[in-house]
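[1] predicted model and sequence follow; I will ask about them next.
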Amino acid sequence: MQLIEKAPAKLNLSLDALYQHPDGEHEWQMVMTSIDLADYVQITAQKSANIVVKTTSGFIPEDQRNLAYQAAKLLQQRFKIKTGALIEIEKHIPVAAGMGGGSSDAAAVLRGLNRLWQLGLSKAELAKIGLQIDSDVPYCVYSETALVTGKGDQIQPLGPLPNLWLVVVKPAISVSTPRILRALNCDQIETRPNTAQLVQAIAAQDTDRLVAGMNNVLAPITSARYPQIEHLIERLETFGADIAQMSGSGPTVFAVCRQLSKAQRVYNSISGFCKEVYLVQPLK
Ligand code: ATP
């Protein structure tokens, strides 16, 4: 038996860290959305107990360091499954970009094996298991616009965003998320997103209020190390974006545009400076 799961990239419309738990983990408050840029994860049942991961990217490990492998192993062990799986990942999401590519692959494996092995687990149950892999996996199990709180494990779907276009730009630098998080001090954050306003704006389909409430508290930390991120944000806004913001711990930056014509102008203008540029929409 074989199936394919789509693993969409995520973007942070907002990212806030309220405090640090005694175990060092952060209490997050984020509004996330998923976009029509995705990896495709094909899972084929195997008679032997082996979990084998193959990817089309030469840059990511295929052994136990792969988050998709970890997801399969967790489910296999937890539910004492005697058979295995061949997991083939067609990568399209840039790696180490702040778009949750590895987490989304892991979440796709959780959803796919839940079907293949007929485990009957709910999204909430899969999300709980996924938290053991990475704090973005619970959100990626849902992959729909949501308010994400706790250590990344509390997911509240918010319904679709108002109609808008996104120009996603991945600068040619790699950012280590753990390094950025080590520099985060919740007591020294100067500007935070207005999460309540974002949630209300989505319910009211009000793009003006949505844009006004956006922010990412990790942006000043990543930008201090890589000033080109701040320059990119300024450039996207000069080209006509309603707002431009970094996603996750970076370096990906995305521009929000109300109109397709404006998004196309931003896309064409920035394509001259960066190689990895995508014109996409949020998933409905
Ligand atoms: P996040 O936004 O969740 O911090 P990211 O988009 O910054 O994630 P990923 O693309 O998930 O980063 O990659 C982060 C690291 O995870 C890379 O160093 C990569 O080698 C490793 N990794 C493990 N499994 C995968 C996978 N299936 N796809 C991509 N990267 C993976």
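    In hand now; what should we look at?
[2] quick check: Met99 is in a helix.
    No. Assessed with DSSP: H, G, I helix; E, B strand; the rest coil, Met99 is coil; it does not lie in a helix.
[3] the residue nearest to Ile202 when sequence neighbours are not counted: how many residues sit nearby?
    Once flanking residues are discounted, Ile202 sits nearest to Leu158: 4.8 Å by CB to CB, 6 or more residues apart in numbering. Glycine gets a C-beta too; all of them are placed from N, C-alpha and C. Using other CB atoms under 10 Å as the criterion, Leu158 is surrounded by 19 other residues.
[4] pLDDT score for Leu158?
    Leu158 carries a pLDDT value of 97.
[5] state the distance from it to Glu234.
    Distance, Leu158 to Glu234, by CB to CB, to the nearest Å: 29 Å.
[6] give the bridge partners for Gln156, please.
    Taking DSSP bridges as the rule, Gln156 bridges to Leu147.
[7] show me where the protein has strands.
    For the chain, the strands defined by DSSP state E occupy 2-20, 26-46, 51-55, 84-90, 146-150, 154-157, 165-170, 215-216, 243-246, 253-257, 276-280.
[8] tabulate these (JSON lines), appending distance to Gln197 and mean neighbour count.
    Shown next, in JSON lines, are these (distance: least, CB to CB, whole Å; neighbours: other CB atoms under 10 Å):
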{"stretch": "strand 2-20", "distance to Gln197": "9", "mean neighbour count": "21"}
{"stretch": "strand 26-46", "distance to Gln197": "10", "mean neighbour count": "21"}
{"stretch": "strand 51-55", "distance to Gln197": "39", "mean neighbour count": "19"}
{"stretch": "strand 84-90", "distance to Gln197": "37", "mean neighbour count": "21"}
{"stretch": "strand 146-150", "distance to Gln197": "12", "mean neighbour count": "20"}
{"stretch": "strand 154-157", "distance to Gln197": "16", "mean neighbour count": "15"}
{"stretch": "strand 165-170", "distance to Gln197": "20", "mean neighbour count": "24"}
{"stretch": "strand 215-216", "distance to Gln197": "11", "mean neighbour count": "23"}
{"stretch": "strand 243-246", "distance to Gln197": "13", "mean neighbour count": "23"}
{"stretch": "strand 253-257", "distance to Gln197": "15", "mean neighbour count": "27"}
{"stretch": "strand 276-280", "distance to Gln197": "24", "mean neighbour count": "18"}
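[9] need the ones you listed in a markdown table with distance to the ligand, can you?
    As requested, the strands of the chain are exported to a markdown table (distance: least, CB to the nearest ligand atom, whole Å):
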| stretch | distance to the ligand |
| --- | --- |
| strand 2-20 | 7 |
| strand 26-46 | 7 |
| strand 51-55 | 7 |
| strand 84-90 | 6 |
| strand 146-150 | 12 |
| strand 154-157 | 15 |
| strand 165-170 | 10 |
| strand 215-216 | 12 |
| strand 243-246 | 11 |
| strand 253-257 | 13 |
| strand 276-280 | 13 |
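[10] thanks a lot, catch you later.
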